[in-house]
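1. coordinates only, sequence not included:
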């Protein structure tokens, strides 16, 4: 069983479109995260949710909106896609979001904006 | 502000040789430190983490890292490289009171026969 899963794995779309990426974890964790990995492989956190509540919101354009319907799911919706949004987006989860809790990563979603 | 610096975007070793991947950090308070590995087209997997217990940390797949406060370093080593170790390696830190990982820019390990 996949611990942290993301769909889709690949997403190719046109500028200006709206798209969503879904994430699910079956580890029973309370905290979930979204990270962005750019073309130079640099990873940076975008958001973190604990029990459906937003706890970290980095300086991300408000075109990005995370939604957590329950603590096992954290989806990422992106409005008005731009070329610079092309990246690999990783979802992750951890037990309670305590400092030094291990974060478990999903396989990533490669988003290409044309 | 905290940051992580990984020296060398690429490191090449021969199979059986010592692996040394360098990581230095900057933090106003003692951080927790992590090494993650990313195989091609996969997510990140935790290799090991330092949480202020023993300064020498042993991880999976024969890797270990030593926390040196005086040098602000957390270098990753493995005595003998295998072909299967070829991957991207990321050093990261987390500060007490915060839950976000701050990553270095990664080091690609290449292993030749």
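-> Yep, it's here. Bear in mind the structure is a predicted one, so any value in this text is a computation, not a measurement.

2. Least confident secondary structure element in the chain?
-> As the question left the chain open, I've gone with chain A. None of the helices or strands of chain A scores lower by mean pLDDT, DSSP states H and E than strand A:53-57, at a mean of 82.

3. To clarify, I was referring to chain B.
-> The least trusted helix or strand in chain B, going by mean pLDDT, DSSP H and E, turns out to be strand B:102-103, with a mean of 92.

4. What is that one packed up against?
-> Applying 3 or more Cβ pairs under 8 Å, 6 or more residues apart in numbering or on different chains; DSSP states H and E, we find strand B:102-103 packed against strand B:3-7, strand B:87-94. Glycine gets a C-beta too; all of them are placed from N, C-alpha and C.

5. run the last query once more with 10 Å
-> strand A:43-50, strand B:3-7, strand B:32-38, strand B:87-94 (3 or more Cβ pairs under 10 Å, 6 or more residues apart in numbering or on different chains; DSSP states H and E).

6. Any idea what whichever residue of chain A sits closest to chain B is bridged to?
-> Distances between chain A and chain B by Cβ to the nearest Cβ are smallest at residue A:105, namely 3.7 Å. Following DSSP bridges, residue A:105 is listed with bridge partners residue A:92.

7. which residues sit in contact with it?
-> Residue A:105 makes contact with A:3-4, A:6, A:33, A:35, A:43, A:90-93, B:36, B:38, B:42-46 under the criterion Cβ atoms under 10 Å, 6 or more residues apart in numbering or on different chains.

8. quick revisit: partner strands of the least confident helix or strand of chain A, with direction?
-> Applying DSSP bridges, one finds strand A:53-57 paired with strand A:43-50 (antiparallel).

9. end-to-end on stretch A:53-65?
-> 13 Å (Cα to Cα, to the nearest Å).

10. So what touches it?
-> Applying Cβ under 10 Å, 6+ apart, the contact partners of stretch A:53-65 are A:18, A:20, A:30-31, A:33-36, A:44-50, A:66-68, A:71, A:75-82, A:84-85, A:89, A:97, B:98-100.
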